[in-house]
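Visitor: Requesting a structural model of the entry that follows:
(one chain, ligands or ions: 1)
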Amino acid sequence: MANQEDQFKKVLSHAKEYGYVFQSSEIYDGLSAVYDYAQNGVELKKNIRDYWWKAMVQMHENIVGIDASILMHPTTWKASGHVDAFNDPLIDNKDSKKRYRADVLIEDYCAKIEAKINKEVDKAAKRFGEAFNKEEFLATNGRVVGYQEKINTILSRMGASLEKEDLPDVKALIEELEIADPLTGSRNWTEVKQFNLMFGTKLGASAETAMDLYLRPETAQGIFVNFLNVQKTGRMKIPFGIAQTGKAFRNEIVARQFIFRMREFEQMEMQFFVKPGTQKEWYDQWKATRLKWHLSLGMGAENYRFHDHDKLAHYADAAADIEFKFPFGFKELEGIHSRTDFDLKAHEEFSGKKLQYFDHEDNKSYTPYVVETSIGLDRMFLAVFSNSLQEEAIENGTSRTVLKLPAILAPYKAAILPLVKKDGLPEVARKIMDDLKWDFNVFYDEKDAVGKRYRRQDAAGTPFCITVDHQTLEDKSVTIRHRDTMEQKRVKITELKELIHAEVAVKNWLQRM
Ligand code: GAP
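Guide: Model prediction:
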(Lines give C-alpha, C1' and ligand atoms only; values in the text may rest on other atoms or scores of the structure.)
Protein backbone atom coordinates (compact mmCIF):
# COMPACT_ATOMS: atom_id res chain seq x y z
CA MET A 1 0.00 0.00 0.00
CA ALA A 2 2.76 2.43 1.03
CA ASN A 3 4.56 1.58 -2.19
CA GLN A 4 1.46 2.34 -4.23
CA GLU A 5 1.09 5.67 -2.48
CA ASP A 6 4.75 6.53 -3.08
CA GLN A 7 4.43 5.64 -6.74
CA PHE A 8 1.32 7.78 -7.04
CA LYS A 9 3.04 10.73 -5.36
CA LYS A 10 5.86 10.37 -7.87
CA VAL A 11 3.34 10.46 -10.72
CA LEU A 12 1.84 13.69 -9.39
CA SER A 13 5.13 15.49 -8.87
CA HIS A 14 6.58 14.28 -12.17
CA ALA A 15 3.48 15.43 -14.06
CA LYS A 16 4.02 18.93 -12.68
CA GLU A 17 7.81 19.07 -12.90
CA TYR A 18 7.91 17.99 -16.54
CA GLY A 19 5.09 20.23 -17.75
CA TYR A 20 2.31 17.65 -18.11
CA VAL A 21 -0.43 18.62 -15.63
CA PHE A 22 -0.90 21.67 -13.42
CA GLN A 23 -3.54 22.34 -10.83
CA SER A 24 -6.12 24.77 -12.22
CA SER A 25 -5.68 28.39 -11.06
CA GLU A 26 -2.82 27.32 -8.84
CA ILE A 27 -1.87 30.89 -7.90
CA TYR A 28 -5.24 31.09 -6.12
CA ASP A 29 -4.57 27.76 -4.37
CA GLY A 30 -6.30 25.77 -7.09
CA LEU A 31 -9.82 24.52 -7.63
CA SER A 32 -10.56 21.08 -6.31
CA ALA A 33 -10.58 18.30 -8.92
CA VAL A 34 -9.98 20.68 -11.82
CA TYR A 35 -6.69 20.48 -13.70
CA ASP A 36 -4.89 22.16 -16.60
CA TYR A 37 -2.83 20.34 -19.17
CA ALA A 38 0.57 21.95 -19.60
CA GLN A 39 2.87 22.21 -22.62
CA ASN A 40 3.76 18.50 -22.74
CA GLY A 41 0.45 17.29 -21.35
CA VAL A 42 -1.54 18.93 -24.09
CA GLU A 43 0.52 17.07 -26.71
CA LEU A 44 0.15 13.71 -24.97
CA LYS A 45 -3.58 14.28 -24.60
CA LYS A 46 -3.95 15.25 -28.25
CA ASN A 47 -1.96 12.19 -29.34
CA ILE A 48 -4.18 9.87 -27.29
CA ARG A 49 -7.28 11.52 -28.76
CA ASP A 50 -5.87 11.18 -32.29
CA TYR A 51 -4.95 7.54 -31.71
CA TRP A 52 -8.50 6.82 -30.61
CA TRP A 53 -10.00 8.80 -33.50
CA LYS A 54 -7.80 7.03 -36.08
CA ALA A 55 -8.79 3.62 -34.72
CA MET A 56 -12.48 4.37 -34.30
CA VAL A 57 -13.35 6.73 -37.17
CA GLN A 58 -10.68 6.64 -39.86
CA MET A 59 -10.32 2.83 -39.76
CA HIS A 60 -14.08 2.19 -39.96
CA GLU A 61 -15.98 3.13 -43.09
CA ASN A 62 -19.22 2.93 -41.15
CA ILE A 63 -18.25 5.24 -38.27
CA VAL A 64 -18.32 9.02 -38.61
CA GLY A 65 -17.56 11.76 -36.12
CA ILE A 66 -19.41 14.82 -34.86
CA ASP A 67 -18.68 17.64 -32.44
CA ALA A 68 -21.88 18.55 -30.59
CA SER A 69 -22.21 21.49 -28.20
CA ILE A 70 -21.65 21.29 -24.49
CA LEU A 71 -24.90 23.21 -23.94
CA MET A 72 -28.02 21.34 -25.04
CA HIS A 73 -31.75 21.91 -24.78
CA PRO A 74 -32.65 21.16 -21.14
CA THR A 75 -35.30 18.60 -22.12
CA THR A 76 -32.42 16.42 -23.35
CA TRP A 77 -31.55 15.70 -19.73
CA LYS A 78 -35.13 14.97 -18.75
CA ALA A 79 -35.35 12.41 -21.55
CA SER A 80 -31.99 10.83 -20.79
CA GLY A 81 -32.94 10.36 -17.14
CA HIS A 82 -30.14 12.56 -15.81
CA VAL A 83 -32.45 15.11 -14.15
CA ASP A 84 -34.18 12.43 -12.12
CA ALA A 85 -31.56 9.77 -11.68
CA PHE A 86 -28.00 11.08 -12.11
CA ASN A 87 -27.40 11.08 -8.38
CA ASP A 88 -24.78 10.02 -5.88
CA PRO A 89 -25.75 8.92 -2.34
CA LEU A 90 -24.20 11.37 0.11
CA ILE A 91 -23.62 11.29 3.80
CA ASP A 92 -22.31 14.06 6.08
CA ASN A 93 -20.33 13.66 9.22
CA LYS A 94 -21.97 15.83 11.89
CA ASP A 95 -18.73 16.42 13.81
CA SER A 96 -16.24 17.09 11.01
CA LYS A 97 -18.89 18.61 8.69
CA LYS A 98 -17.23 16.64 5.86
CA ARG A 99 -19.34 15.19 3.10
CA TYR A 100 -18.73 11.72 1.63
CA ARG A 101 -20.20 9.40 -0.93
CA ALA A 102 -21.86 6.68 1.10
CA ASP A 103 -21.08 4.00 -1.49
CA VAL A 104 -17.41 5.04 -1.59
CA LEU A 105 -17.09 4.79 2.20
CA ILE A 106 -18.39 1.23 1.96
CA GLU A 107 -16.21 0.39 -1.04
CA ASP A 108 -13.14 1.75 0.77
CA TYR A 109 -14.01 -0.48 3.70
CA CYS A 110 -14.07 -3.46 1.31
CA ALA A 111 -10.78 -2.35 -0.25
CA LYS A 112 -9.19 -2.68 3.17
CA ILE A 113 -10.41 -6.27 3.39
CA GLU A 114 -9.06 -6.85 -0.10
CA ALA A 115 -5.69 -5.52 1.04
CA LYS A 116 -5.74 -8.22 3.74
CA ILE A 117 -6.36 -10.84 1.05
CA ASN A 118 -3.41 -9.50 -0.94
CA LYS A 119 -1.22 -9.67 2.13
CA GLU A 120 -2.14 -13.33 2.67
CA VAL A 121 -1.38 -14.04 -0.99
CA ASP A 122 2.04 -12.35 -0.75
CA LYS A 123 2.88 -14.28 2.41
CA ALA A 124 1.84 -17.60 0.87
CA ALA A 125 3.70 -16.85 -2.37
CA LYS A 126 6.87 -16.35 -0.35
CA ARG A 127 6.28 -19.50 1.67
CA PHE A 128 5.51 -21.82 -1.25
CA GLY A 129 7.88 -20.26 -3.80
CA GLU A 130 7.68 -21.75 -7.31
CA ALA A 131 4.97 -24.20 -6.30
CA PHE A 132 2.51 -21.42 -5.40
CA ASN A 133 -0.80 -21.53 -7.24
CA LYS A 134 -2.64 -18.26 -6.67
CA GLU A 135 -6.04 -19.38 -8.01
CA GLU A 136 -6.04 -22.48 -5.85
CA PHE A 137 -4.97 -20.51 -2.79
CA LEU A 138 -7.75 -17.94 -3.30
CA ALA A 139 -10.32 -20.70 -3.66
CA THR A 140 -9.23 -22.85 -0.71
CA ASN A 141 -7.55 -20.82 2.02
CA GLY A 142 -10.14 -20.50 4.81
CA ARG A 143 -9.20 -17.02 5.92
CA VAL A 144 -9.10 -15.63 2.38
CA VAL A 145 -12.40 -17.26 1.43
CA GLY A 146 -13.95 -15.70 4.55
CA TYR A 147 -12.66 -12.26 3.63
CA GLN A 148 -13.97 -12.60 0.09
CA GLU A 149 -17.39 -13.73 1.29
CA LYS A 150 -17.56 -10.72 3.57
CA ILE A 151 -16.77 -8.37 0.67
CA ASN A 152 -19.38 -10.04 -1.54
CA THR A 153 -22.08 -9.84 1.14
CA ILE A 154 -21.42 -6.17 1.83
CA LEU A 155 -21.28 -5.13 -1.81
CA SER A 156 -24.35 -7.06 -2.85
CA ARG A 157 -26.38 -5.62 0.05
CA MET A 158 -25.21 -2.11 -0.85
CA GLY A 159 -26.01 -2.67 -4.55
CA ALA A 160 -29.50 -3.94 -3.76
CA SER A 161 -30.24 -1.08 -1.36
CA LEU A 162 -29.06 1.55 -3.80
CA GLU A 163 -31.11 0.01 -6.56
CA LYS A 164 -34.23 0.03 -4.38
CA GLU A 165 -33.39 3.58 -3.22
CA ASP A 166 -33.38 2.15 0.29
CA LEU A 167 -31.07 4.87 1.63
CA PRO A 168 -31.78 4.13 5.34
CA ASP A 169 -30.34 0.65 4.76
CA VAL A 170 -27.17 2.15 3.24
CA LYS A 171 -26.78 4.20 6.41
CA ALA A 172 -27.52 1.11 8.53
CA LEU A 173 -24.75 -0.74 6.68
CA ILE A 174 -22.27 2.06 7.41
CA GLU A 175 -23.22 1.91 11.07
CA GLU A 176 -23.09 -1.89 11.28
CA LEU A 177 -19.62 -1.91 9.73
CA GLU A 178 -18.63 0.83 12.20
CA ILE A 179 -17.23 2.95 9.38
CA ALA A 180 -15.75 6.16 10.71
CA ASP A 181 -14.95 9.50 9.08
CA PRO A 182 -11.51 8.79 7.55
CA LEU A 183 -10.27 12.21 8.64
CA THR A 184 -11.47 12.38 12.24
CA GLY A 185 -12.60 8.90 13.26
CA SER A 186 -16.07 10.21 14.16
CA ARG A 187 -19.08 7.92 13.60
CA ASN A 188 -21.68 10.64 13.99
CA TRP A 189 -23.38 10.42 10.59
CA THR A 190 -26.41 12.16 9.03
CA GLU A 191 -28.98 10.32 6.92
CA VAL A 192 -27.95 9.33 3.37
CA LYS A 193 -29.34 11.70 0.71
CA GLN A 194 -29.29 11.72 -3.06
CA PHE A 195 -27.35 14.53 -4.77
CA ASN A 196 -27.61 15.37 -8.48
CA LEU A 197 -24.25 15.58 -10.20
CA MET A 198 -25.11 17.96 -13.03
CA PHE A 199 -23.76 21.50 -13.07
CA GLY A 200 -26.48 24.05 -13.75
CA THR A 201 -26.07 27.30 -15.63
CA LYS A 202 -28.34 29.93 -17.18
CA LEU A 203 -28.98 31.05 -20.73
CA GLY A 204 -30.29 34.57 -21.32
CA ALA A 205 -29.62 38.13 -20.21
CA SER A 206 -32.39 38.86 -17.72
CA ALA A 207 -33.16 36.96 -14.58
CA GLU A 208 -36.88 36.64 -15.47
CA THR A 209 -36.42 35.16 -18.92
CA ALA A 210 -33.25 33.13 -18.31
CA MET A 211 -33.51 29.46 -19.11
CA ASP A 212 -31.99 26.86 -16.80
CA LEU A 213 -29.44 24.74 -18.60
CA TYR A 214 -26.97 22.05 -17.65
CA LEU A 215 -23.38 21.51 -18.69
CA ARG A 216 -23.51 18.07 -20.33
CA PRO A 217 -22.55 15.25 -17.95
CA GLU A 218 -21.76 12.92 -20.90
CA THR A 219 -21.12 13.50 -24.59
CA ALA A 220 -23.37 10.61 -25.65
CA GLN A 221 -26.62 12.59 -25.70
CA GLY A 222 -25.21 14.95 -28.36
CA ILE A 223 -24.93 11.86 -30.53
CA PHE A 224 -28.42 10.52 -29.81
CA VAL A 225 -30.16 13.82 -30.63
CA ASN A 226 -28.20 14.01 -33.91
CA PHE A 227 -28.79 10.38 -34.84
CA LEU A 228 -31.26 11.01 -37.64
CA ASN A 229 -29.44 14.07 -39.03
CA VAL A 230 -26.23 12.08 -39.40
CA GLN A 231 -27.97 8.96 -40.69
CA LYS A 232 -29.82 10.89 -43.39
CA THR A 233 -27.10 13.35 -44.49
CA GLY A 234 -24.38 10.69 -44.33
CA ARG A 235 -26.68 8.08 -45.93
CA MET A 236 -25.54 5.71 -43.22
CA LYS A 237 -26.75 2.11 -43.26
CA ILE A 238 -27.20 0.12 -40.09
CA PRO A 239 -24.94 -1.03 -38.47
CA PHE A 240 -23.11 2.30 -38.19
CA GLY A 241 -21.47 4.41 -35.53
CA ILE A 242 -21.16 8.06 -34.51
CA ALA A 243 -18.08 9.07 -32.54
CA GLN A 244 -17.28 12.16 -30.58
CA THR A 245 -14.68 13.53 -28.20
CA GLY A 246 -15.35 16.43 -25.89
CA LYS A 247 -15.76 17.90 -22.44
CA ALA A 248 -18.22 16.62 -19.86
CA PHE A 249 -18.92 18.01 -16.40
CA ARG A 250 -19.91 16.31 -13.17
CA ASN A 251 -20.11 17.82 -9.73
CA GLU A 252 -18.28 14.85 -8.23
CA ILE A 253 -18.45 14.65 -4.47
CA VAL A 254 -15.48 12.44 -3.97
CA ALA A 255 -13.13 14.11 -6.39
CA ARG A 256 -9.71 12.72 -5.71
CA GLN A 257 -6.95 10.62 -7.20
CA PHE A 258 -5.69 13.46 -9.38
CA ILE A 259 -7.07 13.38 -12.93
CA PHE A 260 -8.82 10.04 -12.33
CA ARG A 261 -12.01 11.72 -11.13
CA MET A 262 -12.42 15.31 -12.21
CA ARG A 263 -15.26 17.79 -12.27
CA GLU A 264 -14.43 18.86 -15.82
CA PHE A 265 -13.10 16.05 -18.00
CA GLU A 266 -13.07 14.78 -21.54
CA GLN A 267 -14.78 11.72 -22.94
CA MET A 268 -14.22 9.78 -26.16
CA GLU A 269 -17.49 8.03 -26.96
CA MET A 270 -18.91 6.06 -29.84
CA GLN A 271 -22.53 4.98 -30.21
CA PHE A 272 -22.97 2.06 -32.56
CA PHE A 273 -26.51 1.74 -33.95
CA VAL A 274 -27.56 -1.82 -34.68
CA LYS A 275 -30.57 -3.86 -35.64
CA PRO A 276 -32.60 -4.98 -32.60
CA GLY A 277 -31.68 -8.54 -31.70
CA THR A 278 -28.06 -8.22 -32.87
CA GLN A 279 -26.89 -6.14 -29.90
CA LYS A 280 -25.30 -9.03 -27.99
CA GLU A 281 -23.09 -9.94 -30.94
CA TRP A 282 -21.97 -6.29 -31.37
CA TYR A 283 -21.48 -5.85 -27.65
CA ASP A 284 -19.08 -8.82 -27.59
CA GLN A 285 -17.34 -7.57 -30.69
CA TRP A 286 -16.82 -4.04 -29.31
CA LYS A 287 -15.55 -5.41 -26.02
CA ALA A 288 -12.89 -7.35 -27.91
CA THR A 289 -12.05 -4.50 -30.30
CA ARG A 290 -11.62 -1.97 -27.53
CA LEU A 291 -9.39 -4.28 -25.49
CA LYS A 292 -7.22 -4.82 -28.55
CA TRP A 293 -6.88 -1.05 -28.97
CA HIS A 294 -5.56 -0.82 -25.43
CA LEU A 295 -3.21 -3.76 -25.91
CA SER A 296 -1.80 -2.25 -29.13
CA LEU A 297 -0.08 0.36 -26.98
CA GLY A 298 2.05 -2.35 -25.37
CA MET A 299 1.38 -1.40 -21.75
CA GLY A 300 1.13 -5.03 -20.57
CA ALA A 301 -1.86 -7.37 -20.94
CA GLU A 302 -1.64 -8.13 -17.20
CA ASN A 303 -2.64 -4.52 -16.46
CA TYR A 304 -6.12 -4.87 -17.97
CA ARG A 305 -9.17 -6.84 -16.97
CA PHE A 306 -12.87 -6.85 -17.75
CA HIS A 307 -15.40 -6.24 -15.03
CA ASP A 308 -18.84 -7.38 -16.15
CA HIS A 309 -21.64 -5.55 -14.36
CA ASP A 310 -24.11 -7.68 -12.39
CA LYS A 311 -26.32 -4.72 -11.59
CA LEU A 312 -27.36 -2.97 -14.77
CA ALA A 313 -28.49 0.61 -15.26
CA HIS A 314 -32.17 0.89 -16.17
CA TYR A 315 -31.32 1.44 -19.87
CA ALA A 316 -28.79 -1.38 -20.32
CA ASP A 317 -29.07 -5.09 -21.12
CA ALA A 318 -25.32 -5.69 -20.70
CA ALA A 319 -22.39 -3.62 -19.48
CA ALA A 320 -18.71 -4.10 -18.74
CA ASP A 321 -15.76 -1.97 -17.73
CA ILE A 322 -12.24 -2.32 -19.00
CA GLU A 323 -10.29 -1.85 -15.80
CA PHE A 324 -6.66 -0.77 -15.70
CA LYS A 325 -4.09 -1.22 -12.98
CA PHE A 326 -3.59 2.36 -11.82
CA PRO A 327 -1.06 3.11 -9.05
CA PHE A 328 -3.99 2.81 -6.61
CA GLY A 329 -5.24 -0.52 -7.97
CA PHE A 330 -7.52 -1.82 -10.73
CA LYS A 331 -10.14 0.82 -11.61
CA GLU A 332 -12.51 1.56 -14.47
CA LEU A 333 -10.88 3.05 -17.53
CA GLU A 334 -13.55 2.49 -20.17
CA GLY A 335 -17.16 1.35 -20.26
CA ILE A 336 -18.85 -0.74 -22.95
CA HIS A 337 -22.62 -0.62 -22.63
CA SER A 338 -25.43 -2.24 -24.54
CA ARG A 339 -27.96 0.58 -24.09
CA THR A 340 -30.91 -1.01 -25.93
CA ASP A 341 -33.26 1.51 -27.62
CA PHE A 342 -33.74 3.41 -24.37
CA ASP A 343 -32.18 6.73 -25.39
CA LEU A 344 -33.67 7.04 -28.87
CA LYS A 345 -37.12 6.01 -27.61
CA ALA A 346 -36.91 8.52 -24.75
CA HIS A 347 -35.93 11.33 -27.14
CA GLU A 348 -38.79 10.35 -29.45
CA GLU A 349 -41.19 10.56 -26.56
CA PHE A 350 -39.94 13.90 -25.18
CA SER A 351 -39.42 15.63 -28.55
CA GLY A 352 -42.42 14.18 -30.37
CA LYS A 353 -40.11 13.54 -33.38
CA LYS A 354 -39.67 10.11 -34.94
CA LEU A 355 -36.12 8.81 -34.55
CA GLN A 356 -36.45 5.63 -36.55
CA TYR A 357 -34.46 3.96 -39.26
CA PHE A 358 -35.98 2.58 -42.41
CA ASP A 359 -34.35 -0.73 -43.22
CA HIS A 360 -34.52 -1.25 -46.99
CA GLU A 361 -33.52 -4.90 -46.73
CA ASP A 362 -36.32 -5.72 -44.28
CA ASN A 363 -38.63 -3.07 -45.74
CA LYS A 364 -39.60 -1.77 -42.31
CA SER A 365 -38.81 0.97 -39.81
CA TYR A 366 -37.47 0.38 -36.34
CA THR A 367 -35.72 2.14 -33.46
CA PRO A 368 -32.11 0.94 -33.53
CA TYR A 369 -30.39 -0.54 -30.51
CA VAL A 370 -27.15 1.04 -29.36
CA VAL A 371 -23.85 -0.37 -28.19
CA GLU A 372 -21.69 2.33 -26.67
CA THR A 373 -17.96 2.51 -26.01
CA SER A 374 -17.04 5.30 -23.60
CA ILE A 375 -13.57 6.12 -22.38
CA GLY A 376 -12.32 9.04 -20.30
CA LEU A 377 -9.45 10.78 -22.07
CA ASP A 378 -8.01 12.04 -18.79
CA ARG A 379 -8.17 8.55 -17.28
CA MET A 380 -6.40 7.19 -20.33
CA PHE A 381 -3.78 9.91 -19.88
CA LEU A 382 -3.28 8.85 -16.27
CA ALA A 383 -3.07 5.18 -17.27
CA VAL A 384 -0.41 5.89 -19.91
CA PHE A 385 1.52 8.36 -17.78
CA SER A 386 1.60 6.31 -14.57
CA ASN A 387 2.43 3.09 -16.39
CA SER A 388 5.29 4.75 -18.27
CA LEU A 389 6.99 6.39 -15.30
CA GLN A 390 9.84 4.17 -14.19
CA GLU A 391 12.88 4.39 -11.98
CA GLU A 392 15.57 2.27 -13.57
CA ALA A 393 18.88 1.07 -12.20
CA ILE A 394 21.64 1.61 -14.73
CA GLU A 395 25.04 0.08 -15.24
CA ASN A 396 27.24 2.49 -13.31
CA GLY A 397 25.31 1.87 -10.09
CA THR A 398 23.13 4.95 -10.44
CA SER A 399 19.52 5.17 -11.53
CA ARG A 400 17.54 7.18 -14.00
CA THR A 401 13.94 8.36 -14.16
CA VAL A 402 12.46 7.47 -17.50
CA LEU A 403 9.00 8.07 -18.91
CA LYS A 404 8.57 5.17 -21.31
CA LEU A 405 5.56 6.57 -23.15
CA PRO A 406 4.49 4.56 -26.19
CA ALA A 407 6.39 6.43 -28.94
CA ILE A 408 3.19 7.04 -30.91
CA LEU A 409 1.85 9.06 -27.95
CA ALA A 410 5.02 10.89 -26.86
CA PRO A 411 4.73 14.72 -27.03
CA TYR A 412 8.09 15.07 -28.81
CA LYS A 413 9.36 12.29 -31.01
CA ALA A 414 13.00 13.43 -30.99
CA ALA A 415 15.28 15.97 -29.33
CA ILE A 416 18.07 17.46 -31.40
CA LEU A 417 21.19 18.20 -29.41
CA PRO A 418 24.41 19.84 -30.64
CA LEU A 419 27.22 18.34 -28.56
CA VAL A 420 28.64 21.80 -27.88
CA LYS A 421 27.30 25.28 -28.43
CA LYS A 422 30.07 26.26 -30.90
CA ASP A 423 32.08 25.15 -33.95
CA GLY A 424 29.02 25.38 -36.20
CA LEU A 425 27.25 22.42 -34.48
CA PRO A 426 24.13 24.41 -33.44
CA GLU A 427 23.68 25.54 -37.06
CA VAL A 428 23.71 21.93 -38.34
CA ALA A 429 21.37 20.85 -35.54
CA ARG A 430 18.95 23.66 -36.43
CA LYS A 431 18.98 22.54 -40.07
CA ILE A 432 18.05 18.99 -39.03
CA MET A 433 15.33 20.41 -36.81
CA ASP A 434 13.93 22.53 -39.65
CA ASP A 435 13.78 19.48 -41.88
CA LEU A 436 12.24 17.07 -39.33
CA LYS A 437 9.64 19.43 -37.90
CA TRP A 438 7.45 19.06 -40.98
CA ASP A 439 6.87 15.43 -40.11
CA PHE A 440 7.35 15.20 -36.34
CA ASN A 441 7.10 17.31 -33.22
CA VAL A 442 10.81 17.79 -32.39
CA PHE A 443 12.62 19.61 -29.61
CA TYR A 444 15.87 21.57 -29.69
CA ASP A 445 18.17 21.74 -26.67
CA GLU A 446 21.74 23.05 -26.45
CA LYS A 447 21.96 23.84 -22.72
CA ASP A 448 24.08 21.77 -20.26
CA ALA A 449 26.30 18.73 -20.81
CA VAL A 450 24.85 16.21 -23.25
CA GLY A 451 24.45 13.51 -20.52
CA LYS A 452 22.26 15.86 -18.54
CA ARG A 453 20.22 16.63 -21.63
CA TYR A 454 19.71 12.89 -22.25
CA ARG A 455 18.38 12.49 -18.71
CA ARG A 456 16.03 15.41 -19.20
CA GLN A 457 14.63 13.89 -22.37
CA ASP A 458 14.34 10.45 -20.71
CA ALA A 459 12.28 11.98 -17.94
CA ALA A 460 10.16 13.98 -20.38
CA GLY A 461 9.43 10.84 -22.42
CA THR A 462 11.13 11.69 -25.73
CA PRO A 463 11.85 8.42 -27.58
CA PHE A 464 14.93 9.64 -29.52
CA CYS A 465 17.86 11.96 -28.96
CA ILE A 466 19.83 13.00 -32.03
CA THR A 467 23.28 14.33 -31.28
CA VAL A 468 25.27 16.46 -33.68
CA ASP A 469 29.03 16.30 -33.04
CA HIS A 470 32.26 17.18 -34.84
CA GLN A 471 32.11 14.05 -36.96
CA THR A 472 28.77 15.31 -38.32
CA LEU A 473 30.67 18.17 -39.98
CA GLU A 474 32.88 15.65 -41.75
CA ASP A 475 30.55 12.87 -42.87
CA LYS A 476 26.95 14.13 -42.30
CA SER A 477 26.29 11.44 -39.70
CA VAL A 478 24.78 11.84 -36.23
CA THR A 479 24.18 9.57 -33.26
CA ILE A 480 20.65 8.52 -32.51
CA ARG A 481 19.97 7.34 -28.97
CA HIS A 482 16.98 5.27 -28.04
CA ARG A 483 15.25 6.30 -24.78
CA ASP A 484 14.35 2.79 -23.62
CA THR A 485 17.53 0.89 -24.42
CA MET A 486 19.89 3.90 -24.19
CA GLU A 487 21.64 2.37 -27.20
CA GLN A 488 23.33 4.78 -29.56
CA LYS A 489 23.80 4.25 -33.25
CA ARG A 490 25.67 6.30 -35.83
CA VAL A 491 23.43 7.01 -38.83
CA LYS A 492 23.35 9.35 -41.80
CA ILE A 493 21.24 12.50 -41.40
CA THR A 494 19.30 11.40 -44.47
CA GLU A 495 18.24 8.19 -42.69
CA LEU A 496 16.69 9.95 -39.66
CA LYS A 497 13.23 10.51 -41.05
CA GLU A 498 12.72 6.88 -41.95
CA LEU A 499 14.11 5.64 -38.64
CA ILE A 500 11.81 7.82 -36.57
CA HIS A 501 8.88 7.13 -38.84
CA ALA A 502 9.23 3.36 -38.33
CA GLU A 503 8.82 3.87 -34.56
CA VAL A 504 5.98 6.37 -34.59
CA ALA A 505 3.89 5.43 -37.61
CA VAL A 506 0.30 4.95 -36.53
CA LYS A 507 -0.04 2.04 -38.94
CA ASN A 508 2.67 0.06 -37.15
CA TRP A 509 0.96 0.60 -33.79
CA LEU A 510 -2.63 0.04 -34.81
CA GLN A 511 -1.75 -3.04 -36.82
CA ARG A 512 -0.78 -4.74 -33.58
CA MET A 513 -4.53 -4.76 -32.91
N1 GAP B 1 -22.00 7.70 -21.82
C2 GAP B 1 -21.67 6.76 -20.83
C3 GAP B 1 -20.94 7.31 -19.70
O4 GAP B 1 -20.75 8.52 -19.56
P5 GAP B 1 -19.60 6.61 -17.55
O6 GAP B 1 -19.19 5.25 -17.10
O7 GAP B 1 -20.33 7.48 -16.61
O8 GAP B 1 -20.46 6.36 -18.88
C9 GAP B 1 -17.54 6.82 -19.11
O10 GAP B 1 -18.32 7.36 -18.08
C11 GAP B 1 -16.06 7.06 -18.85
O12 GAP B 1 -15.82 8.43 -18.59
C13 GAP B 1 -15.54 6.33 -17.61
O14 GAP B 1 -15.17 5.00 -17.92
C15 GAP B 1 -14.34 7.17 -17.25
O16 GAP B 1 -13.20 6.80 -18.01
C17 GAP B 1 -14.75 8.57 -17.67
N18 GAP B 1 -15.20 9.36 -16.51
C19 GAP B 1 -16.41 9.32 -15.90
N20 GAP B 1 -16.46 10.21 -14.88
C21 GAP B 1 -15.25 10.82 -14.85
C22 GAP B 1 -14.68 11.84 -14.02
N23 GAP B 1 -15.38 12.44 -13.06
N24 GAP B 1 -13.40 12.23 -14.27
C25 GAP B 1 -12.69 11.65 -15.26
N26 GAP B 1 -13.18 10.70 -16.07
C27 GAP B 1 -14.44 10.29 -15.88
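Visitor: Confirm for me that Pro276 is in contact with Tyr369.
Guide: Yes. Using C-beta atoms under 8 Å, Pro276 is in contact with Tyr369, at 5.0 Å. Any C-beta I mention is one placed from the backbone N, CA and C, and that applies to glycine too.
Visitor: and for the two, which residues touch both?
Guide: Shared contacts of Pro276 and Tyr369, defined by C-beta atoms under 8 Å, 6 or more residues apart in numbering, comprise Asp341.
Visitor: what about Phe260, how many residues close to it?
Guide: Number of residues near Phe260 (other C-beta atoms under 10 Å) recorded here: 23.
Visitor: got it, and Ile174?
Guide: Neighbours around Ile174, by other C-beta under 10 Å: 22.
Visitor: Quick check, it in contact with Val104.
Guide: No. The pair Ile174 / Val104 is not scored as a contact, 11.0 Å apart, by C-beta under 8 Å.
Visitor: Okay, buried residues for the lengthiest helix in the chain please.
Guide: Of all segments of type helix in the chain, defined using DSSP state H, the longest is helix 102-128. For helix 102-128, a neighbour-count test (16 or more other C-beta atoms under 10 Å) marks Ala102, Asp103, Val104, Leu105, Ile106, Glu107, Tyr109, Cys110, Ile117, Val121, Ala124 as buried.
Visitor: ok now the helix or strand following it, how far from the chain's centre?
Guide: Note on helix 102-128: by DSSP states H and E, the next helix or strand toward the C-terminus is helix 134-140. Centroid separation for helix 134-140 versus its chain: 31 Å, with C-alpha atoms, centre = their mean, to the nearest Å.
Visitor: for the record, mean pLDDT for helix 134-140?
Guide: Average pLDDT, helix 134-140: 92.
Visitor: List phi and psi for the residue of the chain at minimum distance from the ligand.
Guide: Closest contact between the chain and the ligand, by C-beta to the nearest ligand atom, is at Gly376 (2.6 Å). In terms of degrees, to the nearest 10, the main-chain angles of Gly376 are phi -80, psi 120.
Visitor: how near is Ala316 to Ala131?
Guide: Ala316 sits 43 Å away from Ala131, going by C-beta to C-beta, to the nearest Å.
Visitor: Please identify which of the two sits among more neighbours.
Guide: Legend: neighbour count by other C-beta under 10 Å for Ala316 and Ala131, higher for Ala316 (18 against 6).
Visitor: ok, and the closest non-adjacent residue to the more buried one?
Guide: His337 (5.2 Å; C-beta to C-beta, 6 or more residues apart in numbering).
Visitor: Given the host helix or strand of the one you found, what are its sheet partners and their directions?
Guide: Assessed by DSSP H and E, His337 sits inside strand 329-340. Strand pairing for strand 329-340, determined by DSSP bridges: strand 318-326 (antiparallel), strand 369-376 (antiparallel).
Visitor: that older thread, OK, contacts around the residue nearest to Ala316?
Guide: With contacts defined as C-beta under 8 Å, 6+ apart, His337 is in contact with Ala313, Ala316, Ala318, Ala319, Val371, Glu372, Ser374.
Visitor: 10 Å instead, please
Guide: 220, 271, 283, 286, 309, 312-313, 315-321, 370-374 (C-beta atoms under 10 Å, 6 or more residues apart in numbering).
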